[in-house]
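Colleague: structure for this input, please:
(chains A, B, C and D)
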Protein chains: 4
Amino acid sequence: MKVVLAYSGGLDTSVILKWLQDKYNAEVVTFTADIGQGEEVEAAREKALKLGVKPENIFIEDLREEFVRDYVFPMFRANAIYEGEYLLGTSIARPLIAKRQIEIANQVGADAVAHGATGKGNDQVRFELGYYALRPDIKVIAPWREWDLNSREKLLAYAESHGIPIEKHGKKSPYSMDANLLHISYEGGILEDPWAEPEEDMWRWTNSPEKAPDKPEYIEIDFERGDAVAINGAKMTPAQILETLNEYGKKHGIGRIDIVENRFVGMKSRGCYETPGGTILLKAHRAIESITLDKGEAHLKDEIMPKYAELIYNGFWFAPERKALQKLIDETQRNASGTVRLKLYKGNVNVVGRKSPNSLFSPEFATFEEDSVYNQKDAAGFIKLNALRFIIEGYVRGKNK
Amino acid sequence: MKVVLAYSGGLDTSVILKWLQDKYNAEVVTFTADIGQGEEVEAAREKALKLGVKPENIFIEDLREEFVRDYVFPMFRANAIYEGEYLLGTSIARPLIAKRQIEIANQVGADAVAHGATGKGNDQVRFELGYYALRPDIKVIAPWREWDLNSREKLLAYAESHGIPIEKHGKKSPYSMDANLLHISYEGGILEDPWAEPEEDMWRWTNSPEKAPDKPEYIEIDFERGDAVAINGAKMTPAQILETLNEYGKKHGIGRIDIVENRFVGMKSRGCYETPGGTILLKAHRAIESITLDKGEAHLKDEIMPKYAELIYNGFWFAPERKALQKLIDETQRNASGTVRLKLYKGNVNVVGRKSPNSLFSPEFATFEEDSVYNQKDAAGFIKLNALRFIIEGYVRGKNK
Amino acid sequence: MKVVLAYSGGLDTSVILKWLQDKYNAEVVTFTADIGQGEEVEAAREKALKLGVKPENIFIEDLREEFVRDYVFPMFRANAIYEGEYLLGTSIARPLIAKRQIEIANQVGADAVAHGATGKGNDQVRFELGYYALRPDIKVIAPWREWDLNSREKLLAYAESHGIPIEKHGKKSPYSMDANLLHISYEGGILEDPWAEPEEDMWRWTNSPEKAPDKPEYIEIDFERGDAVAINGAKMTPAQILETLNEYGKKHGIGRIDIVENRFVGMKSRGCYETPGGTILLKAHRAIESITLDKGEAHLKDEIMPKYAELIYNGFWFAPERKALQKLIDETQRNASGTVRLKLYKGNVNVVGRKSPNSLFSPEFATFEEDSVYNQKDAAGFIKLNALRFIIEGYVRGKNK
Amino acid sequence: MKVVLAYSGGLDTSVILKWLQDKYNAEVVTFTADIGQGEEVEAAREKALKLGVKPENIFIEDLREEFVRDYVFPMFRANAIYEGEYLLGTSIARPLIAKRQIEIANQVGADAVAHGATGKGNDQVRFELGYYALRPDIKVIAPWREWDLNSREKLLAYAESHGIPIEKHGKKSPYSMDANLLHISYEGGILEDPWAEPEEDMWRWTNSPEKAPDKPEYIEIDFERGDAVAINGAKMTPAQILETLNEYGKKHGIGRIDIVENRFVGMKSRGCYETPGGTILLKAHRAIESITLDKGEAHLKDEIMPKYAELIYNGFWFAPERKALQKLIDETQRNASGTVRLKLYKGNVNVVGRKSPNSLFSPEFATFEEDSVYNQKDAAGFIKLNALRFIIEGYVRGKNK
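Modeller: Reported below is the predicted structural model:
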């Protein structure tokens, strides 16, 4: 059997690599992607070689631009938020990994794929729905659901007895973490008590608002058709945009949340997230929409957003209904171009200005003064007919005095 | 004709009072409500008397408890936000005023009501839909749509020529404002340029985050069936809850927003809002829901929320569909009891803990370890059947390799 | 182990009964319900006794009234239709069976329940979601997913070798069928070719339209708060209502459909259904709503209906979100009282009249003539403000000539 | 002033023509379209000439193909039905008329448009929203809201005194009617009593089911990407498709409905409609979708359909949100190709077969037998995880025995 493994180079996926070789006698192909998690991906090559992977079976790729351009940005066009709080940082990265695994499997003639997600989480679903959607006959191996290495001790013992190097750099974090260009997440440890506040040193990416600069900073983001394309006037690629916004967000303590969420697999879980650049981007995107979108399409977007966000959270990125919703969303962005000005200060992102050549905001229509387009007397008829069903109901059901 | 006027005691509604007497030869009944706008309502009595209103025709009422209990709290059960940002502070107060005007009209035998909202805004709609829903044969007088006093100068001239006292306390604010226990709003002035940032002294209620204390403060809010009932363990009435949260919010610079919104009457308008207590309350309410609501009902609420919020924004509080949605929402709150712990700091409201006797969060189900209820192998079947439609589609449409 | 089995008395569940005794050494408790499937339920008693079930372990109940009152009628208040066609006849019966099984299990101290639904259908889900919702620690046995009796031949061989009587009344139907007071369903056989028309003799309940009477018949149905309460003036219980409407429907060839539907478990399946009384009832219910419901609540119902129907189809009757939706739906029915007149003729159900003391239909408001409530000039303002966003967009984006 | 009038050639619009000349001293441009209403449109030319319209100001066009191709077919892709019953036959024709009026106004340099819709109906809204969406500065004249000819007598008197020929062909229908290729509608007369059944001779287009042939007829419709393209194997244009289906529907008594609907302007009205071809087409379209659409996209379509239908009913065809929804809908139709077989008999349209090269129906996945793709044991995990939230809730809230 030939298996393409989503390989980080860390202990867990190294044990999986070995276990696949042993248990399935598999030829393992490793796939390691840089999606902005902030670790050196090339280090995975040496580790894979050491574990006996053939050089031609080691795939290491920089997917940061594709990640932001084809996954993060389309999602932000929808202002997607899961359960009112979560910006879907982990959810949106999984489909891309799954897609590349299948493409590599097709390329190298592999008949299986494997991942290191556990059996209680959402990520197993996100990976596997992606696999099946892109190649229905693929064999999926999810070691955490199969083996009995279900404790840290057993895992370490397996590593030791199979010659897998265990790095001993300081103490292991008590949290389970995941990171990419959009966010870093924390689960487990004391977070399992939803009443307990995480200690400050859990947060790895952002300054705390308390330690952020005492002086506000202003930035401007340019949008074209719903996507950010420049910061303070400097044109950038999608990944550069997000990296730059991350820098601003980290500096100013922006984008931390601490929530209890509902997993697709049925239980609640506590998660803490840092999404510095994404938090800024969402605010800015809503602001550019506020002056360039028609009310009808803006409200339609708000109504379908929870469903769209749930689809991404649950792993249905490649589902036809996600794609159909995307068509709707993208159509609404045709005029969402212009500039948003934001003030960043100690955890706060405030919109302070927005402008656009496509702006539908027109002070002469909104203000006190009479104008040629809007006759205030029209409002009487507008109200009367909106009220008509109440008036009729009142007459029929005897509400008069 | 006998008219019940929503009377603030200010210049505009005093002019209206006089104008109703002159133009309609009306016997005017004034209704002045304390809904937490922060002005002394008793002052309206003397003014009304001076303008010739009979003592028995002057109604001054403290509606703060009713406002929070029957309007604000039911709305917060829904986590209602209009267009992703606006907490509906003005919208939610209008139906209560309309209701009391009609009740007074019925009591005193009036055949008309009048209000001081302009002909381009949302408030005229909110007042009048309320009037018609509660008494279909009521005559509605909206002077701003009828008269030609369509500039500040004409208004002042009318006041002067009709003996209406014009208070000359410093310079007039360049903003149009509205306030109640939930919020204060600003429109007009330089806000008509959506690129212009309002100067700091526009904001009246909250400290700026920059001037807020340098030390975070923690508070705890207790909920019962979706409504806040105590702060830091002290039981309070609904209005006291909101007043207390307003104090915390004001101190810590919480709840300012600056948006461009879509009015019901069809144009966009720029508005700035301070909703200090409401901003804290919304965060806290979402947090208590996060551990006590079932996923299915939580997601259902998120899906119907935009419609619910739009109904309130548009003035349809008394519409049957708002009431039907409220039944749904209230049903979901039966277990939403418990305590939320929040950290307030320079504009930030962060949830740091939540607990409830009804909590559905159960760390043993969410974590790594095996448990009796959840068999990780079940996940394989769950994923496989969720993927089945993709798999079949793939087989049928030839996506295999 | 003590198991409560949903027992029909037929071959399949008799084999299951025996298999539970053999495989699990279980004490089997049989539960047989009359939900209007049109078979003599008492016959199940003797069969159970013969298979060694203790007399006190045999439960036979007439649930027809409960079925219609607490399941069918609440569902019809929502005008629930799955995928535009299916009236949910099978779906709505499963939760009731599941509920009674759990109640009996609690009563007799059983620790398990079993059903005869196969491993590819929706019914296994509907039964088991009901079980778990009502008693989370219940053990569920689904023999069709466990055993290897996966062909008719093996089943018959097992029956013969274990002394289970096989009734040899004519030839076995080629269709898999399910029936209750609301409908009868057909699957399998030539229906597996979606291009093939089923032969006329498949349909068991209704006359074909061709053989239905050549003369139309008129009936009147009275509703109270959304539920049918009388036919042609004769008050009836819920089950009597449905039985009577079934008679009318059968006579006039009403309620056959032939569809391909999407199962919850992920594949498409062809099904034919006869829902004679339900088809009449749905038409009549929509008609009484048409004159008694406010537009806002009627449209809200239409918008949430597909979700409500999907919940029932998927087996989520006891889910909190179904209950919350029901609160909304029931609230809208408070005025849905009155009488509907229908014409039945060869497959057609046509509404020809509707009346109600709560009617909101008022010809004086709808017709040409001027009236006191509706001023035609109001329409100009109504249209102008509804168009305002288009007008502004047109001005801003240069659509003028 | 130069006005483009939607001119039918009948009495009402002839009076309007004259009135525009007299009242506004307007140069009238007449626009008469054949959208399949079944009347000779060329007759309008002579009438217009007689009333003094210049030959170059008379526009008579055959819009039947455009009507079906660009309006009816896109709408049918959505399976649009208003309030569960109405196929939107009148609603869908108005935007096309409005669009051509504006185009002609631009071409001839007119500054106004006029229509003959009354001040209480939906059509005025549909026309005028179209006008404003396409040319914001257009002047709209709606004579029925302006003049005082508000009775048949006054209209006739005006006609007589202004030399407008009144055709005296038999007695005037007591109903207000509207027709196009999709349907004919009836309002007014005895229909204003919702309890009264219309007499048989009101219906103009279809045989009554009683008089329809005693023998069923089978037809086959081919679809490509959601649109019907052939009947019984014969390729046809969109208008030919609808005309041919109308013939079948008329012959077999298909497509009559009798409803009370909620108008956009706030009151209920009784309407009877004949939509013979459309009724067949809708059934067939749903059937081709049933085998070619993925469940997720099919359900998404069902969920957004009521909103889409309401937009069309209310006249928002040119609104951005309708266009965005259309993008979503059209995306789902990419595989909706194949053939549907239908049986037509005395008012009934029954689907009896459907096939497609893109069919997702696969009997091997749906049936009893074991297969390679679907492992029945997967269902256990699927159910268990779908039930997990109920199980946890049960444990936490003590539902065990």
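Colleague: the residue nearest to A:Leu181 when sequence neighbours are not counted: helix or strand, and which one exactly?
Modeller: Residue nearest to A:Leu181 in three dimensions, not counting chain neighbours: A:Gly36, with 2.7 Å by C-beta to C-beta, 6 or more residues apart in numbering or on different chains. C-beta coordinates here come from the backbone N, C-alpha and C atoms, glycine included. Using DSSP states H and E, no element contains A:Gly36; it sits outside every helix and strand.
Colleague: low-scoring stretches of the stretch 101-250 of chain A, by residue?
Modeller: In the prediction, the stretch 101-250 of chain A carries residues with pLDDT under 70 at positions A:168-171.
Colleague: quick one: name the residues of it near chain D.
Modeller: The stretch 101-250 of chain A comes close to chain D at residues A:Pro136, as judged by C-beta under 8 Å from any C-beta of the partner chain.
Colleague: excluding chain neighbours, what is closest to the closest residue to chain D within the stretch 101-250 of chain A?
Modeller: Nearest residue of the stretch 101-250 of chain A to chain D, counting by C-beta to the nearest C-beta: A:Pro136, 7.9 Å away. Using C-beta to C-beta, 6+ apart and skipping residues adjacent in sequence, the residue nearest A:Pro136 is B:Gly394, 3.0 Å away.
Colleague: pretty sure that neighbour contacts B:Asn400?
Modeller: Yes. With the criterion set as C-beta atoms under 8 Å, B:Gly394 and B:Asn400 qualify as a contacting pair; they are 6.7 Å apart.
Colleague: the two - which one has more neighbours?
Modeller: Just comparing B:Gly394 and B:Asn400: by other C-beta atoms under 10 Å in any protein chain shown the higher neighbour count belongs to B:Gly394, 20 against 11.
Colleague: identify the residues contacting the more buried one.
Modeller: With C-beta atoms under 8 Å, 6 or more residues apart in numbering or on different chains as the criterion, the residues that contact B:Gly394 are A:132-137, B:400.
Colleague: what about the strands in the stretch 51-200 of chain A?
Modeller: According to DSSP state E, counting those that start in this stretch, the stretch 51-200 of chain A carries its strands in the segments A:58-62, A:112-114, A:139-141, A:176-179, A:184-187.
Colleague: make JSON lines out of the ones you listed and add mean neighbour count and distance to A:Thr32.
Modeller: Written out in JSON lines, the entries for the strands of the stretch 51-200 of chain A read as follows (neighbours: other C-beta atoms under 10 Å in any protein chain shown; distance: least, C-beta to C-beta, whole Å):
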{"stretch": "strand A:58-62", "mean neighbour count": "17", "distance to A:Thr32": "5"}
{"stretch": "strand A:112-114", "mean neighbour count": "24", "distance to A:Thr32": "13"}
{"stretch": "strand A:139-141", "mean neighbour count": "18", "distance to A:Thr32": "17"}
{"stretch": "strand A:176-179", "mean neighbour count": "17", "distance to A:Thr32": "14"}
{"stretch": "strand A:184-187", "mean neighbour count": "21", "distance to A:Thr32": "18"}
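Colleague: mind checking which of the ones you listed is nearest C:Tyr71?
Modeller: In this view, the strands of the stretch 51-200 of chain A are compared for proximity to C:Tyr71 by C-beta to C-beta, and strand A:139-141 is the closest at 39.3 Å.
Colleague: ok, and what's touching the closest one?
Modeller: Surrounding strand A:139-141, the residues in contact under the criterion C-beta under 8 Å, 6+ apart are A:1, A:3, A:20, A:24, A:111-114, A:128, A:131-132.
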